[in-house]
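Trainee: coordinates for the following, if possible.
(chains A and B)
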Amino acid sequence: MPAEPVNDWSTDYDIFAREYIRDPFPIWDQLRASSCPVARTDRWGGSWMPTRYEDLVKFARDIQHFSSRNVLVADVMPAPGAEEQELSEEDQQLVQQYDVGAPPITSDPPVHTWSRRLLLPPFSVTSVTKFEPETRELCNALIDGFIANGRADGAADYAQQIPPRVIASMLGIPKEMTSTFTDWVRGFLELGLTDPELRQESGRSIFTFMIEQVQQRKEHPGDDLISYLLAQKVDGEPVPEPHVVGTCFLLLVAGIDTTWSSIGSALWHLALHPEHRTQLIEQPDLIANAVEELLRAYSPVTMARYVAEDVEYAGCPMHEGDKVLMNFPAANRDPSIFDHPDQVILDREKNPHIAFGVGIHRCAGSNLARMEMKVAIQEWLRRIPDFRLEDPHAVTWAGGQVRGPRKMAVVFPS
Amino acid sequence: MTVRIVKVDSEKCQGHNRCYAMAPAMFKVDEFGYATPRGDGVLKTEQDLELARRAVDNCPERAISIEEHDEA
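Mentor: Numbers count the residues shown, from 1 in each chain, chains lettered A, B, ... in the order given. Here you go, the predicted structure:
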């Protein structure tokens, strides 16, 4: 059923509208510059949406009013008119036993504080660097699969294949399950946002899989992240098992389509900009700065917050239970912070982007995401320095809360 | 003579690692990603000052500052 067209983006925005998914940038510019930079909609269960950098920073820091309790596990955006799903008895039991969400992304302090401290060391720069050689090998194996054809889908055959395998390797779970993970995560985060049944089914699949994995690691600990989490202590006590399951759920869900969206957007940009390909090939040391700039210009993630107590912000009366869409991507194109925000400047000097959020919920996997982006871009450019989109109009994008290309045929001299 | 010292506000730092990535000789990070200046943080050269300014400009948490004071 096609949704009603949007006439006024400041009072009736629709993050699932085709034009918003394809090209949200002019809409954000219009909202940011308007007298009402915190937009409002009643669509998809209703929400507020700040678009200016300074506003995003304020919302992210005010954890007293803007809680993270149900950003991910509860339905962020129930479908219009959708009734609450009836849970089976088995599911009700699961929910009761594992009612911890996906810590720490869905936690507020004090749980957030210790649960984040558990997770940060395995995602430090030093820790993720250990996975760089195998990521490089993986990228090359993927390229080997299509380089002779002179054609590939940069999103489906490449970008989408990288993050699930890397996180599987970190968690010590079978890499053969990559396409299953991909289906689950898309079902949960992408297609599931407008399809509650699919979302619930996908969420359940991930959850039950992680429960099994945690049981296995308890019996046979290994050199992997699940075993590491099980071995940690908080206040002298082992981390509760449901907590470990919730965190593993997060690691699978949060690290996959976000990073593949970033890699896909980066390739999309490079396919359209031969001068930037040349710049990166001639100045290989620019890669780290370039990754930050591509993250800024094509930030994939719009998180949500839950209004924990009534509050008025910039004349907007926000009530307990309201949702706030944390439009970090729009903030990253705010002209009051970034010079020429709509231009990609690979050697940009001032770039305090908040693609990974800001404040206590700064993405715990940011170092891993950066490493994957860097390696994916480097290896692609090394093997395929010259490429273009087969048909720019045929590229399809996913949008809503995670934006990136999903079908992106590119051609190159074989 | 003006002495310039680079500082990281540990209350504000959230471990983005941006300063460490661009100036690993000036900043260090702990296993949680939280940054501190190496040594006393004194910026001895123009290049140091330039690098510190870039770190200030790129920190999403606005946790980095450059303090100046005069020394006889």
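
Trainee: can you name the residues in contact with stretch A:125-132?
Mentor: Residues outside stretch A:125-132 that contact it (Cβ atoms under 8 Å, 6 or more residues apart in numbering or on different chains) are A:121, A:166, A:169-170, A:367-368, A:371, A:375, B:17, B:20-21, B:29, B:31, B:33. (C-beta placed from N, C-alpha, C; glycine too.)

Trainee: reformat those as CSV; add neighbour count and pLDDT.
Mentor: Putting those into CSV (neighbours: other Cβ atoms under 10 Å in any protein chain shown; pLDDT from 0 to 100) gives the following:
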residue, neighbour count, pLDDT
A:Pro121, 15, 96
A:Val166, 25, 94
A:Ser169, 16, 92
A:Met170, 22, 94
A:Asn367, 24, 97
A:Leu368, 26, 97
A:Met371, 22, 98
A:Val375, 24, 98
B:Asn17, 21, 96
B:Tyr20, 21, 97
B:Ala21, 19, 95
B:Val29, 22, 96
B:Glu31, 14, 94
B:Gly33, 21, 95
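
Trainee: in strands, which of those fall?
Mentor: B:Val29 (DSSP state E).

Trainee: what's the most distant pair in the contacts of stretch A:125-132?
Mentor: Greatest spatial distance in the contacts of stretch A:125-132: A:Ser169 and B:Tyr20, 24.7 Å, computed using Cβ to Cβ.

Trainee: got any ranges where chain A has weak pLDDT?
Mentor: Low-confidence regions of chain A, defined here as pLDDT under 70, cover residues A:1-2, A:70-100.

Trainee: near chain B, which residues of it are found?
Mentor: Selection of chain A residues close to chain B by Cβ under 8 Å from any Cβ of the partner chain yields A:117, A:120-121, A:124-126, A:288-289, A:292, A:349-354, A:356, A:358-360, A:362, A:366-367.

Trainee: out of those, which are buried?
Mentor: The neighbour-count test (16 or more other Cβ atoms under 10 Å in any protein chain shown) marks A:120, A:124-125, A:289, A:292, A:351-354, A:356, A:358-360, A:362, A:366-367 as buried among these.

Trainee: widest-spaced pair of these?
Mentor: When those are compared pair by pair using Cβ to Cβ, the two farthest from each other are A:Asn289 and A:Ile360, 26.3 Å apart.

Trainee: in terms of helices and strands, where is A:Asp342?
Mentor: If you go by DSSP states H and E, A:Asp342 is not part of any helix or strand.

Trainee: which residues touch it?
Mentor: The contact partners of A:Asp342, by Cβ under 8 Å, 6+ apart, come to A:25, A:297, A:333.

Trainee: quick one: buried ones out of those?
Mentor: When burial is judged by neighbour count using 16+ other Cβ under 10 Å, the buried members of the contacts of A:Asp342 are A:297, A:333.

Trainee: wait, which of the contacts of A:Asp342 is closest to A:Val38?
Mentor: Taking those together and measuring to A:Val38 by Cβ to Cβ, the closest member is A:Arg333, at 16.4 Å.
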